[in-house]
Every structure is written in structure tokens, then in C-alpha cells.
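K.L.:
next one to model:
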Amino acid sequence: MAKASKINGVSIHVARRVNNTRKSLIATLPGDTAVTRRALMWQCKFELGGSNRWSCYHTASNFNEDEPYGDSTSDYAPTSYWTANSVNGYDKGGMQSQIYGEDSIGKGWWGAVRSNDNLRQFMHATSSQVIAGEPSPFTNSWPYDGQGVDPSVRPVNYAKVAFGAFDKVWVLGKKGVNQDSLCVSYSDPQQSNNQMTWERVDNLKSAQNELCMISNLVGRKWAAIQSPRFFLNTGSLSSSVANINDWNEVNSNIGTTVNAWAWAQRDGESSDGRFVAVGEIVGSDWGIYYSTDNGVNWTLASVTARPSETAQSLLDVTYDARRDRFIAVGARTNVLTSSDGGENWGYVLPEGPTGNQTLHGVETDNFNVVLTGDDTSFYISTGSLDTFEKIPTPKTSSSDIDSTANSFMAATPSIVRDQVGHGNESVNTA
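P.N.:
Next comes the predicted model:
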């Protein structure tokens with residue numbers, strides 16, 4: 001059997017984990033090819049006002065909640081109805097996963113932050129708990145951490161969650177307040193409450209009120225944006241992410257009010273990788289900037305928008321390693337993609353009307369790309385990204401959810417994001 005030099009289009013030299021799958025789960029084939037297992041489950045949340053919220057999920061037909069890492073040879077894509085469960089008591093990001101991570105024994109956890117509940121900030125669940133759903137705000141919600149912990153170290157006023165696969169570390173980024181930027185735990189989540197130990201990291205920029213968009217890039221390399229400032233941590237120790245002295249302000253003004261950012265190690269390029277930040281309009285230009293030197297310098301990207309469209313706010317961006325594409329979404333159902341590392345962008349038209357709907361989230365498992373937004377905006381691309389098809393409105397056991405429900409964050413696939421950083425500003429304020 002010949003040794004593969006690329007796996008799903010990704011160079012083998014960056015493949016300690018490929019498509020966020022442990023190397024032990026990668027099956028190589030003869031010649032210059034290989035296959036990896038794709039995500040077998042996705043989770044997201046839609047809501048409408050204060051009384052209608054639904055945690056939604058989709059699984060492969062052969063998915064076993066007791067063995068969520070079971071190998072699949074299928075071409076699974078979450079294109080059919082997603083199952084919706086009522087979670088009416090949980091707002092501000094509660095039970096709305098932002099990331100998926102593996103603990104020290106290989107169990108997968110969905111991580112969420114309920115930014116307005118300072119006693120139950122970090123909410124987490126295994127696949128079986130997500131699937132079981134939550135019919136009432138008063139019984140058996142996702143397990144949480146924060147209550148009963150020393151107030152000086154417990155999570156308070158956090159809105160972003162990241163996971164470092166190398167050290168099995170969970171890191172929370174603050175919401176838009178003047179306080180410690182990060183709250184860090186090296187503990188494994190548990191199926192009971194308040195079992196994790198936390199430590200705080202000072203505000204990365206003294207007195208700055210901006211939300212901290214934190215993400216792990218690869219190994220022990222971390223980055224954060226407190227708009228418009230960019231911070232980098234390349235410390236060599238497992239404790240480095242929690243050491244304020246290992247955090248460096250690399251750039252004080254990226255060029256736009258940043259709403260989200262992404263990083264990628266592209267084949268054949270410097271190990272610094274590529275950073276792309278998206279945000280608010282800059283004059284008459286789209287607010288997309290890229291950096292190729294670890295965030296020291298940022299350049300305004302060139303955008304070819306759809307006909308008659310003016311620049312719009314962009315709210316999320318991600319990187320698809322198999323397709324080598326950055327994908328950004330935002331106001332007026334705009335979907336932009338870049339195949340050259342974020343320097344030049346073109347548009348894609350989702351299926352159906354494109355008007356005033358706002359797309360808040362984009363995520364990929366490197367096979368499927370899912371878009372989420374207002375008025376049950378719900379799209380998927382399973383191919384070349386030239387086409388995004390409508391996903392049916394999620395449904396409960398008896399009916400579709402309300403067609404005017406909104407999703408304020410990206411859907412999350414059951415893969416550990418490693419080698420591809422993703423910092424999203426979206427904070428659920430409903």
C-alpha cells in the first residue's frame with residue numbers, strides 16, 4: 001500500500017488530525033488518495049421570541065448515540081428534516097452548541113455558553129443528551145458548570161467557547177464587557193453539574209469592552225480578536241493559553257469591526273497559515289481582510305458581489321479544507337467564497353429567494369457546508385459550493401417549527417475542529 005501524500009486534498013504534513021478526525025480513524029487507500037469519516041451528527045438551534053426555542057439535530061441513518069464515533073462508509077449529508085426539541089427555558093446561547101470536542105477518554109461533547117446565566121454558564125452534552133432533547137426548562141437540561149464555584153474564578157459573562165484538542169482544554173471568551181478575557185478548564189465535562197475546575201485570564205487589552213473571539217488553531221497555537229485588535233499565543237506549554245504573559249497583541253486595528261474570523265493551514269504555504277476576518281462595511285467596500293504573517297499585517301480583500309448588490313455586513317466565516325475554500329455569510333442572504341486564501345471573493349446564490357434574510361452562521365465538516373439564519377434560513381451544499389439547496393424546516397414529532405424562527409449561530413458537526421481555527425462573534429441576544 002503506497003503512502004498517501006494528501007488526504008481529502010489536505011497535505012499529509014499537516015495531518016496529525018485530518019478533517020478533524022483522529023489519525024487512527026483515517027483509512028488510507030492505494031495511491032495518492034485516502035478517505036476519512038465525515039460527521040455523523042449535526043446540532044443547531046432556532047428560536048422565536050421568548051417562548052419558542054428548538055434544539056435541532058440530524059443524524060446519519062446508522063448513527064448509534066452510544067457509539068457516536070462508529071465508522072461510516074456512507075455519503076451522509078443532513079439534507080432532510082432535522083428533529084426539533086423544545087428548549088423554551090434556555091436563551092442567550094443555552095443548549096446551542098458552538099463547538100464539539102473529545103475528552104481524555106475519547107467521548108465527544110457539545111459545548112455551549114449561556115451568556116446571561118452566571119451560575120450555569122458552560123453547558124455541555126454528549127450525543128445521547130442532545131438526542132434526548134429537553135421538553136421543559138425545569139427538568140434534565142444539558143449539564144452545566146459554574147454554579148457553586150469560587151466567584152473569583154468561575155465563568156461569569158462569557159459568550160464564546162473554544163476547544164484545544166491537543167491538551168483537551170475548554171476556553172471561554174468574554175462577552176462585550178470590561179473583565180477577564182478568558183476562562184479556562186483542563187477538566188473533562190461530566191454528565192453531572194459543576195464538576196469542572198476553572199481559572200481566569202486577564203483582559204487581553206486593559207479596559208477593553210469588546211467580546212473575545214477565541215479559537216485554537218493547531219496544537220498549542222491560539223488566537224483571539226477583541227475587535228479591532230488581534231492577539232496571538234504561541235506558547236509551548238499546556239498552560240500557555242491560561243498565561244496572560246504568553247498572549248501578545250500583534251495588531252491594534254485590523255481595519256474593520258470584526259464579526260468573525262477563520263484560520264487555515266493551506267497546502268504548500270507557510271506554517272503561519274492564513275487568517276481571514278469579516279465584519280462591517282468599510283466605506284463602500286465589503287469588510288473582509290486577510291493576513292499571511294500571523295496577523296501582523298491585514299489586507300482588504302477584493303469582492304465580486306452578485307449583480308446590483310452593494311457591500312453588506314458579514315457575520316460568519318469558515319474554511320473548508322477539502323475544497324480549499326473560505327466561505328462567508330451575512331446580511332441579505334449573501335454567500336461569498338474564496339479559493340485563493342481570502343484574497344479574492346465571488347458570490348453564490350442559495351436556492352430560492354434572496355432578499356432581506358440574514359445568514360448568521362456557516363459551518364463545514366469538509367464534506368457538507370450548512371448555512372443558518374433568520375426566518376428558518378437553512379441551506380446546505382454537498383458538492384462544489386456552486387449551489388446551496390434549502391434544508392426543510394426542522395420539525396417536532398407533530399409539526400414544523402415556526403417558519404419565522406431564527407438561528408443566531410452556525411450549526412455544529414460532530415467533529416473536533418483541529419488545523420482550522422474558527423472564531424465567531426455571533427452572540428445570541430434573543
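
K.L.:
strands of the stretch 251-400 of the chain, residue ranges please.
P.N.:
Along the stretch 251-400 of the chain, the segments classed as strands by DSSP state E, counting those that start in this stretch run 258-264, 274-279, 288-291, 299-300, 302-303, 314-320, 325-330, 335-338, 344-348, 359-364, 369-373, 378-381, 389-390.

K.L.:
using CSV, lay out those strands together with mean pLDDT.
P.N.:
Formatted as CSV, the strands of the stretch 251-400 of the chain follow (pLDDT from 0 to 100):
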stretch, mean pLDDT
strand 258-264, 96
strand 274-279, 97
strand 288-291, 98
strand 299-300, 98
strand 302-303, 98
strand 314-320, 96
strand 325-330, 97
strand 335-338, 97
strand 344-348, 96
strand 359-364, 96
strand 369-373, 96
strand 378-381, 95
strand 389-390, 93
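
K.L.:
a markdown table for those, including distance to G106?
P.N.:
Glycine gets a C-beta too; all of them are placed from N, C-alpha and C. Below are the strands of the stretch 251-400 of the chain laid out as a markdown table (distance: least, CB to CB, whole Å):
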| stretch | distance to G106 |
| --- | --- |
| strand 258-264 | 25 |
| strand 274-279 | 30 |
| strand 288-291 | 35 |
| strand 299-300 | 41 |
| strand 302-303 | 42 |
| strand 314-320 | 25 |
| strand 325-330 | 29 |
| strand 335-338 | 34 |
| strand 344-348 | 36 |
| strand 359-364 | 22 |
| strand 369-373 | 25 |
| strand 378-381 | 28 |
| strand 389-390 | 34 |
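
K.L.:
adding mean neighbour count, write these out as TSV.
P.N.:
Formatted as TSV, the strands of the stretch 251-400 of the chain follow (neighbours: other CB atoms under 10 Å):
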stretch	mean neighbour count
strand 258-264	27
strand 274-279	28
strand 288-291	25
strand 299-300	14
strand 302-303	17
strand 314-320	27
strand 325-330	27
strand 335-338	23
strand 344-348	17
strand 359-364	27
strand 369-373	27
strand 378-381	24
strand 389-390	15
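
K.L.:
and the ones you listed: which comes nearest P143?
P.N.:
strand 359-364 (23.3 Å; CB to CB).

K.L.:
by contact count, what packs against the closest one?
P.N.:
Using 3 or more CB pairs under 8 Å, 6 or more residues apart in numbering; DSSP states H and E, the elements in contact with strand 359-364 are strand 314-320, strand 325-330, strand 369-373, strand 412-413.

K.L.:
which of these sits closest to F122?
P.N.:
Using CB to CB, those put strand 412-413 closest to F122, at 15.0 Å.

K.L.:
what's the span of stretch 227-239 from first residue to last?
P.N.:
25 Å (CA to CA, to the nearest Å).

K.L.:
tell me how far it is from the chain's mean position?
P.N.:
Distance, stretch centre to chain centre, for stretch 227-239: 18 Å (CA atoms, centre = their mean, to the nearest Å).
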